[in-house]
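Novice: sequence-free structure coming up:
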DNA sequence: TCAAAAAATTGATGTAGGGTAATAAATTAG
DNA sequence: CTAATTTATTACCCTACATCAATTTTTTGA
């Protein structure tokens, strides 16, 4: 038990570490406080870190050639966030990460992750399982965009992520759903009438 | 070197195994031959396996409430395929997998995978990296549906997957892009004029 | 607490892609 | 090699969502 470092057992909930292991893990992370509006990651920069969100709310978005923003993902308490495409392949980010609500973040570099994987295979297993879940939810999202109308996707979103809905602006939700704010507004009106 | 079991080094390209390891791995897989039109996996069944495609072409699709099919993914030589949401979480499939071109498949169960992971950590690493790539490509696809028109997505598809395009019908591509065959036909006509 | 800025709504109109149906082209099977 | 079937194309009209342009509502900060 490592009562000493509650953040480690918070991040890796479900895994038990010795005090030494816990200290070792802790040494690989760095804490960051972000204010609303600040960017955690800028498009076109090389991505060295992935980020554990302890508190607050962030979003990953990219800008298309027409200058329009598209929200790929939100992250609230206990979620991980990064530009994973860039992080995994050591390339530059195509996305930026913006803080939407004041946040407490723990970042870890790819090198430190690899060290953890080597020393503590259970951490690699932990991340593999995280990946599996994230993969499944992306798959669900793709199927959603293929088969559902904007209104259905909106309903699905607020049911699936009630905690996120409270934290974000409607125009963020619209850019996540792939519609305009105006369309979302009309959808909300239609739903309210029912 | 395990010249004895070329399929093992084909599946796990880049990893070196002893002959014992190679035999051990081989024992976990089972070969399947599929004819065009056959289903490898049926919606509503529990998913015990994931499948390595040595040859041929398959697609994962789901049926929406209106009875329309949506293609989530294609798989050709050297790709893995399954209903991963169901496979990872031990639930029933929402998707089916159909053979599009006569295929040679090697299947492995989740239990066997876990055994491999325990015995050979490098296999777990291999799959973690596969997941990372798949994750990144799904992310790219979501961004694509958010930011590109059907025509742009079609162009992107044929450029990114020229080997797949040759194997599949246009209506499969349409259901992958989230449009009707009629719309795809119009898009192709427009492109041909240029 | 109130002005300024940000966010959301509404209306009018435009457009990409959908639905239906008929036809043409390509593939398959006998 | 031809008939049957599957796949792709085209034409016509329709709908979901976009775009543009005002407002209105909510939030923010001095």
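Specialist: Perfect, thanks for sending it. Computed from a predicted model, the values in this text were never measured in an experiment.
Novice: list the contacts for residue A:188?
Specialist: A:154, A:170 (C-beta atoms under 8 Å, 6 or more residues apart in numbering or on different chains). Any C-beta I mention is one placed from the backbone N, CA and C, and that applies to glycine too.
Novice: swap in residue A:144?
Specialist: By C-beta under 8 Å, 6+ apart, residue A:144 lies in contact with A:152-153, A:156.
Novice: with residue A:172 instead?
Specialist: A:59, A:71, A:74, A:100 are the contacts of residue A:172 under C-beta under 8 Å, 6+ apart.
Novice: near chain B, which residues of chain A are found?
Specialist: A:62, A:64, A:68, A:70, A:72, A:84-85, A:88-89, A:94, A:117, A:121, A:124-125, A:127-129, A:131-136, A:138-143, A:145-148, A:175, A:178 (C-beta under 8 Å from any C-beta of the partner chain).
Novice: list only buried entries from those residues.
Specialist: Neighbour-count burial (16 or more other C-beta atoms under 10 Å in any protein chain shown) applied to the residues of chain A next to chain B gives A:62, A:70, A:72, A:84-85, A:88, A:94, A:117, A:124-125, A:127-128, A:131-132, A:134-136, A:138-139, A:141-143, A:145-148, A:175, A:178.
Novice: now, which of those residues lie within strands?
Specialist: Of these, the ones assigned to strands by DSSP state E are A:62, A:70, A:72.
Novice: for residue A:34, see how far away the second one is.
Specialist: Think residue A:70. According to C-beta to C-beta, to the nearest Å, residue A:70 and residue A:34 sit 21 Å apart.
Novice: need the single longest helix in chain A, by residues.
Specialist: Assignment by DSSP state H gives helix A:121-147 as the longest helix of chain A.
Novice: quick one: list the elements packing against the helix or strand following that one.
Specialist: Sequence-wise, the next helix or strand downstream of helix A:121-147 (DSSP states H and E) is helix A:150-160. On a contact count with 3 or more C-beta pairs under 8 Å, 6 or more residues apart in numbering or on different chains; DSSP states H and E, helix A:150-160 meets helix A:121-147, helix A:170-177, helix A:181-193.
Novice: closest one to residue A:185 out of the contacts of residue A:144, please.
Specialist: Among these, residue A:153 lies closest to residue A:185 (C-beta to C-beta), at 15.1 Å.
Novice: now the closest one: closest residue in space, sequence neighbours ignored.
Specialist: residue A:177 (5.1 Å; C-beta to C-beta, 6 or more residues apart in numbering or on different chains).
Novice: also residue A:30?
Specialist: Leaving aside its sequence neighbours, residue A:30 sits nearest to residue A:107 (C-beta to C-beta, 6+ apart; 5.3 Å).
Novice: secondary structure element for that neighbour?
Specialist: Residue-wise, residue A:107 maps onto strand A:96-109 under DSSP H and E.
Novice: so for that strand, what gets flagged as buried?
Specialist: In strand A:96-109, residues buried by neighbour count (16+ other C-beta under 10 Å) are A:96-100, A:103, A:105-109.
Novice: tabulate those (TSV), appending distance to DNA strand C.
Specialist: TSV is the format used below for the buried residues of strand A:96-109 (distance: C-beta to the nearest atom of the strand, whole Å):
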residue	distance to DNA strand C
A:96	16
A:97	17
A:98	11
A:99	13
A:100	9
A:103	16
A:105	21
A:106	27
A:107	26
A:108	30
A:109	32
